[in-house]
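Chemist: What shape does this take:
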Amino acid sequence: MSNEKKIIKRVLSGVQPTGGLHLGNYLGAIKNFVPLQDKYQSLFCVVDLHAITVWQEPKELAAKKCEVAAAFIASGIDPNRSIIFNQSQVSEHTQLAWILNCVARMGWLNRMTQFKDKAGKNKENVSVGLFSYPVLMASDIMLYKATHVPVGEDQKQHLELTRDIAQKFNNDFKKDIFPLPEPIIMGNAARIMSLRDGTKKMSKSDASDYSRIMLTDSKDEICKKIRKAKTDAMPLPNTIKELDTMPEAKNLLTIYSACLDEKFESIFNKYQGKNFSELKEDLTEVVINKISPIGEEMKKLMGDKVYLQKILENGSLKAKKIAINVLQEVHEATGLN
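Modeler: Numbers count the residues shown, from 1 in each chain. As a prediction, this is how the structure comes out:
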């Protein structure tokens, strides 16, 4: 049996190494991970097994994994205080996932809205992994008995599924092995939208380079992209309610407030009724001040792949020490020992 008896306040989150980390990844997720190190035992995972639910070029995947590690460290996640690791290097993730596949119900997975969004009209042709990856996500969380998980709006349903699986496992095997993880609702920038279409999330897969600001963009590139960001011909409105019909304006104000950690309302009050040119000029300075130091540090770290790989290897060893004990408990509970 594991000697981990007491509940440890532990947080886990991950980022897919699909390449091209952008402002939405930072403001919507990575930036919010940093202060968690002060409150929880923290694990931050490069979730490469999730990435391969859609095709990844094998030769490029290794570099992309290093990029995520570099972004973690450059953003302020300290590998001496937190565990930064590579999901596939801890084989217990997939071992537990299979057991949880046998606990989860098809009806639960059929209700996952994100699968429907990603599969679209081609759901008969997507990988089985894309359908069942919420169970692997549950395994990621449960393998470390994570008590808290930072989530954005589009991930709440997956955490609810994790809680359902954990509850059913505990009930089925009459063992109180898994805590029910609580959400840490991330700040007002959980959803950063495209600079070209305020109704769509910022994404590296968008055809237009001007739809997103990459973490490694130069100051000139950031300036050009914000200047070309889609806005209305009219000035900013005088009431927040009017922003409901102006998604691009709302997005620029959201980015501004997230970069400065200021309330959205106070940023809106500063620019209500003003021309977009004034907002864009100030926003450019704010984004450059926030992102450029991170981008520069990422480039420096990416120049030392050996160091990044060592961080991931050491982190994976630390993660595995926890994972082995938890999986042993699961094996004993299920009769697989």
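Chemist: Can you pull out the low-pLDDT segments for the stretch 151-300 of the chain?
Modeler: Along the stretch 151-300 of the chain, the model assigns pLDDT under 70 to residues 187-190.
Chemist: Apply 80 and report the result again.
Modeler: 152-155, 186-190 (pLDDT under 80).
Chemist: Now do the helices in it.
Modeler: In the stretch 151-300 of the chain, the segments counted as helices under DSSP state H, counting those that start in this stretch are 156-172, 219-227, 247-260, 264-271, 276-302.
Chemist: The fourth one: which residues count as buried?
Modeler: Spelled out, that is helix 264-271. Within helix 264-271, the residues that count as buried by 16 or more other C-beta atoms under 10 Å are 264, 267, 268, 271. The C-beta positions use only the backbone N, C-alpha and C, and glycine is treated the same way.
Chemist: same check, this time on the second one
Modeler: If you call a residue buried by 16+ other C-beta under 10 Å, then helix 219-227 has these buried ones: 222, 223, 225, 226.
Chemist: With distance to residue 303 added, can I get these in JSON lines?
Modeler: Output for the buried residues of helix 219-227, formatted as JSON lines (distance: C-beta to C-beta, whole Å):
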{"residue": "222", "distance to residue 303": "21"}
{"residue": "223", "distance to residue 303": "25"}
{"residue": "225", "distance to residue 303": "25"}
{"residue": "226", "distance to residue 303": "28"}
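Chemist: Tell me which two in these are the farthest apart.
Modeler: 223 and 225 (7.5 Å; C-beta to C-beta).
Chemist: quick revisit: out of the buried residues of helix 219-227, which one sits closest to residue 250?
Modeler: residue 226 (15.2 Å).
Chemist: if you skip the residues just before and after it, what's nearest to that closest one?
Modeler: residue 284 (4.8 Å; C-beta to C-beta, 6 or more residues apart in numbering).
Chemist: which one's the longest helix in this structure?
Modeler: Longest helix in the chain, counting residues (DSSP state H): helix 305-334.
Chemist: Please name every helix or strand in contact with it.
Modeler: strand 41-46, helix 58-75, strand 83-86, helix 92-101, helix 276-302 (3 or more C-beta pairs under 8 Å, 6 or more residues apart in numbering; DSSP states H and E).
Chemist: Throw those into TSV and include mean neighbour count and distance to residue 203, thanks.
Modeler: Formatted as TSV, the helices and strands packed on helix 305-334 follow (neighbours: other C-beta atoms under 10 Å; distance: least, C-beta to C-beta, whole Å):
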stretch	mean neighbour count	distance to residue 203
strand 41-46	24	19
helix 58-75	20	15
strand 83-86	24	23
helix 92-101	18	26
helix 276-302	17	17
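Chemist: can you tell me how far residue 7 sits from residue 167?
Modeler: 16 Å (C-beta to C-beta, to the nearest Å).
Chemist: should've said residue 328
Modeler: 21 Å.
Chemist: coming back round to it: quick check: mean pLDDT of the longest helix of the chain?
Modeler: For helix 305-334, the mean pLDDT works out to 97.
Chemist: now it against helix 58-75, angle please.
Modeler: 100 degrees (axes from the mean of the first three to the mean of the last three C-alpha atoms, to 10 degrees).
Chemist: Report the inter-axis angle for helix 305-334 versus helix 156-172.
Modeler: Using the same axes, to 10 degrees: helix 305-334 against helix 156-172 is 40 degrees.
Chemist: In helix 305-334, which residues are buried?
Modeler: 307-308, 311-312, 315-316, 318-320, 322-323, 325-327, 329-330, 333.
Chemist: do the same with stretch 29-37
Modeler: Those would be 29, 30, 31, 32, 33, 34, 36, 37, for stretch 29-37 by 16+ other C-beta under 10 Å.
Chemist: and for it, what are the contacting residues?
Modeler: 11, 13, 15, 21, 42, 44, 71-72, 75-78, 81-82, 148, 150, 152, 184, 186-187, 189, 258 (C-beta atoms under 8 Å, 6 or more residues apart in numbering).
Chemist: Would you mind listing which of the residues you listed are buried?
Modeler: Neighbour-count burial (16+ other C-beta under 10 Å) applied to the contacts of stretch 29-37 gives 11, 13, 15, 21, 42, 44, 71-72, 75, 77, 82, 148, 150, 152, 184, 186, 189, 258.
Chemist: can you give me the strands in the stretch 101-250 of the chain?
Modeler: Here the stretch 101-250 of the chain has its strands, by DSSP state E, counting those that start in this stretch, at 148-151, 182-185.
Chemist: Tabulate those strands (JSON lines), appending distance to residue 161.
Modeler: Converted to JSON lines, the strands of the stretch 101-250 of the chain look like this (distance: least, C-beta to C-beta, whole Å):
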{"stretch": "strand 148-151", "distance to residue 161": "12"}
{"stretch": "strand 182-185", "distance to residue 161": "12"}
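Chemist: Figure out which of the ones you listed is closest to residue 176.
Modeler: Using C-beta to C-beta, these put strand 182-185 closest to residue 176, at 16.4 Å.
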